[in-house]
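Novice: 3D model of this:
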Amino acid sequence: MRITILAVGSRGDVVPYVGLGMRLEQAGHEVTIATHTLFEKMVVEPGLRYAPLPLDTREELSAAAGRGGIVAVNRSVAAQALPLGRAMAEAARGADVLLLTPAGWIGGHVAEGLGLPSIGVYLQPMTPTREFPPSTVTTRSLGPWGNRAAATAVLELGQLPYRTAVRALRAELGLPPISHHKWLRHLEGWPICYGYSPQVVPQPADWPASCSTVGYWWPAPTPGYTPPTDLAAFLSSGPPPVYIGFGSMPAGGLNELVVDAVRRAGVRAVVSEGWAGLHAEGDDILTVSEVPHEWLFPRMAAVVHHAGAGTTAAGLRAGIPAVPVPLMVDQPFWAERLVSLGVAPGAIPFRRLTAERLATAIGEAVQNSRYRRRGEELSRALAEEDGAVGVMRALEQLS
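Specialist: Modelled structure (predicted):
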């Protein structure tokens, strides 16, 4: 089967699909990942096919963070929705099935226009439920009715900035206009595979049978990875350090805060530059660029991160304590999950981050052994799961 994955978003939004794509290739499928030019190398290095999508997500995320959360992110993507949709249509030609990520939902119109089946492959819960509020908006329960109504409203309102682009795209694809209300009804019964563990977020009892929580899609392995000489020397020169990094988030201006927090906590630290260009210096601090999480995290005493879906998963897989510092979109949701699962002492919202708060949280995460014990329990449970199998099962049901 020829499969095209339409992956829109930041690095963390794309990495899991490369791992999923490799598993699908190993099962005999032919996989193309359509994503932004920033991530072409990530796709082609393990041998997958690449198709380009417009949008510089690094630039857009930086701008959106300053304007405020999911609404700004959605508007940024919507502003380029028509060229995105056209590129998706080009990437989809010759495919047998499309796999759509949440930010790539406009690809559903492409699938309809080309007469292709499609499956949602989502990294965070999006289907409305009574059990918790919409994951991209709030962590505060609104009650059973309010939770479900709010999530439905998010899905409907999220389409509004796309109206003009969707109308134009559907016309180019030879499709009649459709309102966002009718489009949501059109999607009822549409299969969605959720790529996180039911150990982390149990599947809601009121979700339709078309939705399945299948387990994590792990990043493509880096066989024979050799760490930089300075990193290997740093790790061997003392006790396990704490990882501090904010991934693709535009979390700038933290260098002095990180150094102060590390010194207050009395720990060693590996600091990841990320898109923010984070850089900290000191006898017990080493700044690195890109190091595979699956290699680095098991060697850490704890991980401080922005609680993106992918980094959250990597920390759970490694079985180590976390200090989540959520900034926007679904990050507060995953931060709250880490706390409720017992692997994090508490979340520190990015806007409230101080050296004192960070140092206190790091000290608690490292010194209280119950966080590591709980992390190790979850890690063993995750090792028994295989999220790619759920996607393969959904593909078989399309046949």
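Novice: the residue nearest to P241 when sequence neighbours are not counted: neighbouring residues, count only.
Specialist: Across the structure, with C-beta to C-beta, 6 or more residues apart in numbering as the measure, the residue nearest P241 apart from its sequence neighbours is R268 (3.8 Å). To be clear about C-beta, it is placed using only N, CA and C from the backbone, and glycine gets the same treatment. Other residues within reach of R268, judged by other C-beta atoms under 10 Å, total 21.
Novice: does R268 touch A280 like I think?
Specialist: No: the pair R268 / A280 is not scored as a contact, 11.6 Å apart, by C-beta atoms under 8 Å.
Novice: hmm, back to that, for the residue nearest to P241, grab phi and psi.
Specialist: Its backbone dihedrals place R268 at phi -100, psi 160, with angles given as degrees, to the nearest 10.
Novice: any idea how far it lies from I244?
Specialist: With distances defined as C-beta to C-beta, to the nearest Å, the gap from R268 to I244 amounts to 11 Å.
Novice: any common contacting residues for the two?
Specialist: Shared contacts of R268 and I244, defined by C-beta atoms under 8 Å, 6 or more residues apart in numbering, comprise V262.
Novice: so what's the residue nearest to the spatial centre of the chain closest to, chain neighbours aside?
Specialist: Taking C-alpha atoms, centre = their mean, the centroid of the chain lies closest to A309, which sits 3.8 Å from it. When the adjacent residues along the chain are set aside, A309 lies closest to L123, with 4.3 Å between them (C-beta to C-beta, 6+ apart).
Novice: and stretch 343-358, end to end?
Specialist: Start-to-end span of stretch 343-358 (C-alpha to C-alpha, to the nearest Å) is 16 Å.
Novice: list the buried residues of it.
Specialist: Within stretch 343-358, the residues that qualify as buried by neighbour count (16 or more other C-beta atoms under 10 Å) are V343, A344, P345, A347, I348, F350, L353, A355, R357, L358.
Novice: break this structure into its domains for me.
Specialist: With automatic domain parsing as the criterion, the domains of the chain are listed as 2-219+385-398, 229-367.
Novice: and among those domains, the most buried is which?
Specialist: Per-stretch averages of neighbours, counted by mean count of other C-beta atoms under 10 Å, single out domain 229-367 among those, with a mean of 20.
Novice: thinking again about what came up before, so which of the domains of the chain is nearest E377?
Specialist: For the domains of the chain, distance to E377 was read as C-beta to C-beta. The smallest value, 8.0 Å, belongs to domain 229-367.
Novice: can you tell me the average pLDDT over the closest one?
Specialist: On average, the pLDDT along domain 229-367 is 92.
Novice: start to end distance for it?
Specialist: When the termini of domain 229-367 are compared using C-alpha to C-alpha, they are 29 Å apart.
Novice: how far out from the middle of the chain is that domain?
Specialist: Remark: domain 229-367 is offset 17 Å from the chain centroid, using C-alpha atoms, centre = their mean, to the nearest Å.
Novice: tell me the phi and psi of the nearest residue to P221 once chain neighbours are set aside?
Specialist: Of all residues not flanking P221 in the chain, E294 sits nearest, at 6.9 Å (C-beta to C-beta, 6+ apart). Here the main-chain torsion angles of E294 (degrees, to the nearest 10) amount to phi -70, psi -20.
Novice: ditto for P133
Specialist: Phi and psi for P133, reported as degrees, to the nearest 10, are phi -70, psi 170.
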